[in-house]
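Student: Structure for the following, please:
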Amino acid sequence: MFDRASRADWFVTDGDTITSLSNVPGLKFLGTRYGGGSRWEIHRSHLPLLDDPQARAALALGPTDWVARDRATHDRGFQLRNVQHAAVDFITRRRGTLLGDEQRVGKTLSTIMSHDPSTGPFVVICPAMVRPVWIGWLRKVFPGEEIGVLSTHTFDAKVIQKKLVVGHYDILPWWQSARPIGTLVFDEAHLLTNQHARRSKAAVFLASRAQRVICATGTPIWNMPTNLWNVLGLVAPAAFGGYHEFAQRYGAPIPSAYGTKYTGISNEEELRERLSEVMIRRRWVDVVDDLPAISRNVALVDLDDATQRKLDLMAAEILSDKSKATTIGLLASYREKLSHVKGPIAIEQTTAMLDRGEPVVVWTWHVDLATEIAHALGNRAFLVTGDVLGDKRDAAIAAWNAHPAGALVCTMAVAQVGLDFSHAHLAIFVEIDYTPAILAQAEMRTYAPTRPMNITYVVANHMIEHRIVMALTKKLSAADPLGVGAAGETIAALDVALNGPVEEPDMDRLLADILG
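Tutor: I've put the predicted structure just below:
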């Protein structure tokens, strides 16, 4: 028999019902029922594992009036897409949610719209660079409401008395208020995966003060369950047990000379079922009909004979080397040489877009290449690299947003997460990163829900460049057995454009030698 417990998302059931869950972490023994039989407290994440009509009934969703919600937001100048309506429904039926939608699906608006002001203030903790995005949406959803902003390392008790509060991760260890919170959002929640970090410990305290907790991240952190445990503890305290029992059950433990080593995922189907009750994750491929189109194309750079010979010599050295460490160094040198070849094509493509009156974002991997492109474009270029400090970086982005046809030249290492570059619907990737998720994150900076966007990849017509794309394809397919990988559309487009629809087995073997 299932009865709702006093805590949100928890049920009380008898021992006979949960016999099959005896090894699953997170069950809480309540004692023995009068007349015999044990009683347990069980979190909703356990219920999908039970073949029980009452368990299914407890998880059943009731109807929601999306039309009424749209009517309420119409006068504020926006409407939720279907994917966002579904997210709000999921969040509002739970005490805690792990919102893992891919970038630019609409996590920010979904979390804000799930807030009930009658429960207390809305507090979002996010990286400092994404504060303007949150403040902009809060002003749209709650026009006229004052927003408290924590912008330094000094905790300001007056700021958090506001009904809407935006803070940053560096302030967490200095939080000095036990004021109850209605909705607490941790944006880019993968920053809290280390349970020993000061900010993570402070986040646990803050979450205990909230009626509802939302951990939002488009970065896949769940391919290693041990990285996921601390975040799960924020949205569903105690539901997944202690770290040791969770890691032993789901972390593919193996003994080693230095103790237990966790190598990946075990009991995968069980974990997937449990996550389905605390996590909502929509990939682009899942919601493509609800989103504007993305067009991707490849600009192939033909090489002159002298450049081709130099790169061929480097490629031969890469292929003949058997040391992974040396191969990585050789690849770095190869990419540096190649960047100078791609620069003129990138400048030509960018100039053509600017001359048409189109703002554009240009992505590079090397700082030197970004600087070279920005210099060539002159006063129509705005540079954002690791060498540009925070205030100057913000000023450059603001100046670009104010320019009707400027080029924002960025390196992926500093600008791919959390920033809104939707002033442009065109982006040029002069270089590609080895990590699929970084490409996807960078792509989504120029996305806006009201219009299509166009992505151009500048790729050298050389075998090593082709094989790097193939390696990214292999990484993507192996990256995430829980089905929440990133950058599928991106890598697939590059793969088909360069290599056709069929992979060659001998090339796969070469890739294993090149990139491991």
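Student: Surely Q349 and V458 touch.
Tutor: Yes. Using CB atoms under 8 Å, Q349 is in contact with V458, at 7.1 Å. All C-beta spots, glycine's among them, are computed from the backbone N, C-alpha and C.
Student: which of these two has more neighbours?
Tutor: V458 (23 against 18; other CB atoms under 10 Å).
Student: is it fair to say V459 lies in a strand?
Tutor: Yes. According to DSSP: H, G, I helix; E, B strand; the rest coil, the state of V459 is that of a strand.
Student: what pLDDT does it get?
Tutor: At V459, the model reports a pLDDT of 80.
Student: Just list whatever residues bridge to it.
Tutor: V459 has these beta-bridge partners by DSSP bridges: L300.
Student: Wait, it touches I468, no?
Tutor: No. V459 lies out of contact with I468 (CB under 8 Å); the separation is 9.2 Å.
Student: related to what we said a few turns ago, common neighbours of Q349 and V458, please.
Tutor: Residues touching both Q349 and V458 (CB atoms under 8 Å, 6 or more residues apart in numbering) are 299, 428.
Student: hey, what's in contact with both of V459 and I468?
Tutor: Here V459 and I468 have I432 as joint contacts, going by CB under 8 Å, 6+ apart.
Student: Start and end of stretch 455-464, how far apart?
Tutor: End-to-end distance of stretch 455-464 (CA to CA, to the nearest Å): 22 Å.
Student: contacting residues around A381?
Tutor: 373-375, 406-409.
Student: ok, K201 to H190 distance?
Tutor: In this view, K201 and H190 are 17 Å apart by CB to CB, to the nearest Å.
Student: out of the two, which sits in the more crowded spot?
Tutor: Remark: of K201 and H190, H190 carries more neighbours, 19 against 15, as counted by other CB under 10 Å.
Student: Assumed that one was part of a helix.
Tutor: Yes. Counting by three-state DSSP, H190 is found in a helix.
Student: gap between the most centrally placed residue in the chain and G106?
Tutor: When CA atoms, centre = their mean is applied to the chain, the residue found nearest the centroid is G218 (1.5 Å). In this view, G218 and G106 are 11 Å apart by CB to CB.
Student: now G96
Tutor: Distance, G96 to G106, by CB to CB: 20 Å.
Student: Name the nearest of the contacts of A381 relative to H425.
Tutor: Ranked by distance to H425 (CB to CB), the contacts of A381 are led by L408 at 12.7 Å.
Student: quick one: that closest one and I397 touch, right?
Tutor: Yes. Look at L408 against I397 with CB under 8 Å: they come within range, at 6.9 Å.
Student: out of these two, which sits in the more crowded spot?
Tutor: Comparing L408 with I397 by neighbour count (other CB under 10 Å), the higher total belongs to L408, at 28 against 22.
Student: Show residues contacting the one helix or strand the more buried one maps to.
Tutor: Secondary structure from DSSP states H and E places L408 in strand 407-411. Strand 407-411 is touched from outside by 350, 353-354, 359-367, 370, 373-374, 377, 380-386, 396-397, 400, 421, 424, 442, with contacts defined as CB under 8 Å, 6+ apart.
Student: next one: that strand to chain centre, how far?
Tutor: Relative to the centre of its chain, strand 407-411 is centred 21 Å away, using CA atoms, centre = their mean, to the nearest Å.
Student: Then stretch 339-349?
Tutor: The chain centre lies 30 Å from the centre of stretch 339-349; the measure is CA atoms, centre = their mean.
Student: same question, stretch 56-64
Tutor: Centroid displacement of stretch 56-64 relative to its chain, using CA atoms, centre = their mean, is 28 Å.
Student: Quick one: residues in contact with that stretch.
Tutor: Here stretch 56-64 makes contact (CB under 8 Å, 6+ apart) with 2, 11, 44, 47-48, 85, 89, 93, 277.
Student: Could you export these as JSON lines, including pLDDT and distance to M314?
Tutor: Output for these, formatted as JSON lines (pLDDT from 0 to 100; distance: CB to CB, whole Å):
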{"residue": "F2", "pLDDT": "75", "distance to M314": "65"}
{"residue": "F11", "pLDDT": "90", "distance to M314": "62"}
{"residue": "R44", "pLDDT": "93", "distance to M314": "56"}
{"residue": "L47", "pLDDT": "91", "distance to M314": "57"}
{"residue": "P48", "pLDDT": "91", "distance to M314": "52"}
{"residue": "H85", "pLDDT": "93", "distance to M314": "52"}
{"residue": "D89", "pLDDT": "95", "distance to M314": "54"}
{"residue": "R93", "pLDDT": "93", "distance to M314": "56"}
{"residue": "E277", "pLDDT": "94", "distance to M314": "51"}
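Student: And the furthest pair within those?
Tutor: The span of the contacts of stretch 56-64, defined through CB to CB, is set by F2 and H85 at 28.2 Å.
Student: May I see the domains of this structure written out as residue ranges?
Tutor: Following automatic domain parsing, one finds the domains of the chain at 3-59, 83-287, 292-515.
Student: follow-up on the earlier one: show me the contacts of strand 407-411 that map onto helices.
Tutor: Those of those mapping onto helices are 350, 353-354, 367, 370, 373-374, 377, 396-397, 400, 442, per DSSP state H.
Student: Tell me which of the residues you listed has the lowest pLDDT.
Tutor: Out of these, that is A442, at 84.
Student: What distance do you get for that residue to I428?
Tutor: Distance, A442 to I428, by CB to CB: 11 Å.
Student: intersection of neighbour lists for the two?
Tutor: Taking CB under 8 Å, 6+ apart as the contact rule, A442 and I428 both touch W363.
Student: my guess is P225 meets L271, correct?
Tutor: Yes. The criterion here is CB under 8 Å, and P225 meets it with L271 at 6.3 Å.
Student: The two: which is more packed in?
Tutor: P225 (25 against 22).
Student: Can you tell me the closest non-neighbouring residue to the more buried one?
Tutor: Distances taken as CB to CB, 6 or more residues apart in numbering put Y250 closest to P225, at 4.1 Å, once the chain neighbours are dropped.
Student: thinking that neighbour is in contact with R272, fair?
Tutor: No. Between Y250 and R272 there is no contact under CB under 8 Å: 10.2 Å.
Student: neighbour-wise, which of the two wins?
Tutor: Counted by other CB under 10 Å, Y250 and R272 do not tie: Y250 has more neighbours, with 28 against 17.
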